[in-house]
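**Q** test case, fold it:
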Amino acid sequence: VQLVESGGGLVQAGGSLRLSCAASGRTFSSDAMGWFRQAPGKEREFVAAITWSGNGFHYADSVRGRFTVSRDNAKNTVYLQMNSLKPEDTAVYYCAAKIKNFYTDADYWGKGALVTVSS
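**A** Residues are numbered from 1 along each chain as shown. Modelled structure (predicted):
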């Protein structure tokens, strides 16, 4: 099973980026998928999750209203649209599948995509 992120990069504060995560090796159409991030010197933290149906969402307070998570089960892909980016959003963003334990962990992880927001 592989989760491969794409779409990271360098952006100025106030800008936007869209992350994608393509899963292969199994389908996750029955599982919650989403995103975590880890900033330099900090612990990994939950960012956003979407239920298997795509009708339920959960966001960290720090990103609610700025980030949008979505999924395409036909493509086995989850997305994270990030708007109004701030320097404090700088982190490695990890795709996660089969999110569990009240959004603190997951069974499957990608290798991460670096997002850098300059001030």
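
**Q** what is the burial count for Ser53?
**A** Using other CB atoms under 10 Å, Ser53 has 11 other residues around it. Heads up, the C-betas are built off the backbone N, CA and C, glycines and all.

**Q** how about Cys21?
**A** Using other CB under 10 Å, Cys21 has 25 neighbouring residues.

**Q** can you show me the helices along the protein?
**A** Taking DSSP state H, the chain contains no helices at all.

**Q** where exactly do the strands run in this structure?
**A** Ranges of strands in the chain, per DSSP state E, are 2-6, 9-12, 17-24, 33-38, 45-50, 57-59, 67-72, 77-82, 91-100, 105-109, 113-118.

**Q** can you tell me which of the ones you listed is most buried?
**A** The highest mean neighbour count among the strands of the chain, using mean count of other CB atoms under 10 Å, belongs to strand 33-38: a mean of 24.

**Q** just give the closest residue to the spatially most central residue of the chain, not the sequence neighbours.
**A** Closest to where the C-alpha atoms of the chain average out (CA atoms, centre = their mean) is Trp35, at 2.6 Å. Spatial nearest neighbour of Trp35, chain neighbours left out: Val47 (4.3 Å); criterion: CB to CB, 6 or more residues apart in numbering.

**Q** for the one you found, give me the pLDDT.
**A** The confidence metric pLDDT takes the value 98 at Val47.

**Q** pull the contacting residues for it.
**A** Shown in contact with Val47 (CB atoms under 8 Å, 6 or more residues apart in numbering): 34-37, 59-60, 63, 67, 80, 93.

**Q** what do you get for Ile99?
**A** Ile99 is in contact with 31-34, 49, 105-106, counting by CB under 8 Å, 6+ apart.
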